[in-house]
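A.B. asks: show me the folded form of this:
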Amino acid sequence: MNPTDLNKIIHEPVRLGILSALMTRDTLTFPELKEMLSVTDGNLSVHASILEKHGLIPSAKDFYGKKPRTTFTITDDGRAQFRRYLEELEQLLHQLKGSH
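C.D. replies: Below is the predicted model:
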């Protein structure tokens, strides 16, 4: 396996962080993710949109009291792709370790 074979949608650090967080918690709000990942609103929006476009996460908008709220979850396909990504990364690291 070559590092360039890793899933480019998931491999980007912010998107990897979003998916990692959602694998451990069922639902996270926009402010929770923003704080966890230490990113700006715009940065989180762009990366969440990419993951949503590829069917890995959906976003839901509602109101909490009178304030708008955006929440994120991970899809079954998102979970499967994330697990596959981790397996491939582990395989790559094992391969690299064996070559030295």
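A.B. asks: would you map the strands across this protein?
C.D. replies: For the chain, the strands defined by DSSP state E cover 28-29, 59-64, 67-72.
A.B. asks: report the angle between the second one and strand 67-72.
C.D. replies: I take that to be strand 59-64. Strand 59-64 runs at 150 degrees relative to strand 67-72, counting by axes from the mean of the first three to the mean of the last three CA atoms, to 10 degrees.
A.B. asks: show me what strand 59-64 is packed against.
C.D. replies: strand 67-72 (3 or more CB pairs under 8 Å, 6 or more residues apart in numbering; DSSP states H and E). Backbone N, C-alpha and C define where each C-beta goes, glycine included.
A.B. asks: as a whole number, average confidence for the strand it packs on?
C.D. replies: Throughout strand 67-72, pLDDT has a mean value of 96.
A.B. asks: show me what that strand is packed against.
C.D. replies: strand 28-29, helix 30-37, strand 59-64.
A.B. asks: show me the beta-bridge partners of Thr71.
C.D. replies: Taking DSSP bridges as the rule, Thr71 bridges to Thr29, Ala60.
A.B. asks: now do the contacts for it.
C.D. replies: 27-30, 59-60, 62 (CB atoms under 8 Å, 6 or more residues apart in numbering).
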